[in-house]
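K.L.:
What follows is a predicted protein model with its sequence.
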Amino acid sequence: MKTIIRFALLAIAILSVGVTGQSNYEEGRFALSDSRPQSCELIIDTSRFYGTCCSLNTTTANGCVLNVKNGWCRITGQFWSYTWNSTDDRITCDGSEFEIEYTPDRTTATGGTNTDSPAASVPLAGLVALSAAISAFLL
């Protein structure tokens, strides 16, 4: 019975790693875009920005649209918690209507800056859950 419970915990942890990693990261060889009904000013005030290309512009309905081209952008906050990575080197990053203050990315293995690979900034919560489950399984 104990083995079954440990196996179930391990399976849940592994599934949560897959869901966590994939639901917060999008990559493509094209421009990436997403929008919110909130204003860009509100999003900027309540978010942290990491990356090389986070372009925010006001929509016709006074919401906010994010465009990522030939670069990466990670936003964490109330309205977005996501990483986008556009690998299309045939296009350039659009200018942003708003000045964005990028935060140095301290989640990389080398303690790098916000220009490091976006893959290093995918949330680590799933990996922590996995290591806890493996520890429980081995005990």
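P.N.:
That came through, no problem.
K.L.:
those strands in the protein, which residues are they?
P.N.:
Taking DSSP state E as the criterion, the chain carries its strands at 25-28, 32-36, 47-51, 55-58, 64-68, 71-77, 81-86.
K.L.:
closest to residue 98 out of the ones you listed?
P.N.:
Shortest separation from residue 98 across the strands of the chain is recorded for strand 55-58, at 5.0 Å, computed as Cβ to Cβ. C-beta coordinates here come from the backbone N, C-alpha and C atoms, glycine included.
K.L.:
Would you mark the buried spots in the closest one?
P.N.:
Of the residues in strand 55-58, those scored as buried under the neighbour-count criterion (16 or more other Cβ atoms under 10 Å) are 55-57.
K.L.:
From residue 104, how far off is the nearest residue to residue 57 once chain neighbours are set aside?
P.N.:
The shortest distance from residue 57 to any residue other than its chain neighbours is 4.5 Å, reached at residue 97 (Cβ to Cβ, 6 or more residues apart in numbering). For residue 97, the distance to residue 104 equals 24 Å [Cβ to Cβ, to the nearest Å].
K.L.:
pLDDT-wise, which helix or strand of this structure ranks last?
P.N.:
Taking mean pLDDT, DSSP states H and E as the measure, the helices and strands of the chain show their lowest mean at helix 2-23, namely a mean of 45.
K.L.:
Residue 101: neighbouring residues, count only.
P.N.:
As a burial measure, the neighbour count of residue 101 was computed by other Cβ atoms under 10 Å and equals 7.
K.L.:
Now do the same contact list for it.
P.N.:
Neighbour list for residue 101: residue 49 [criterion: Cβ atoms under 8 Å, 6 or more residues apart in numbering].
K.L.:
Pull up the distance across stretch 34-49, start to finish.
P.N.:
The stretch stretch 34-49 measures 15 Å between its terminal residues, going by Cα to Cα, to the nearest Å.
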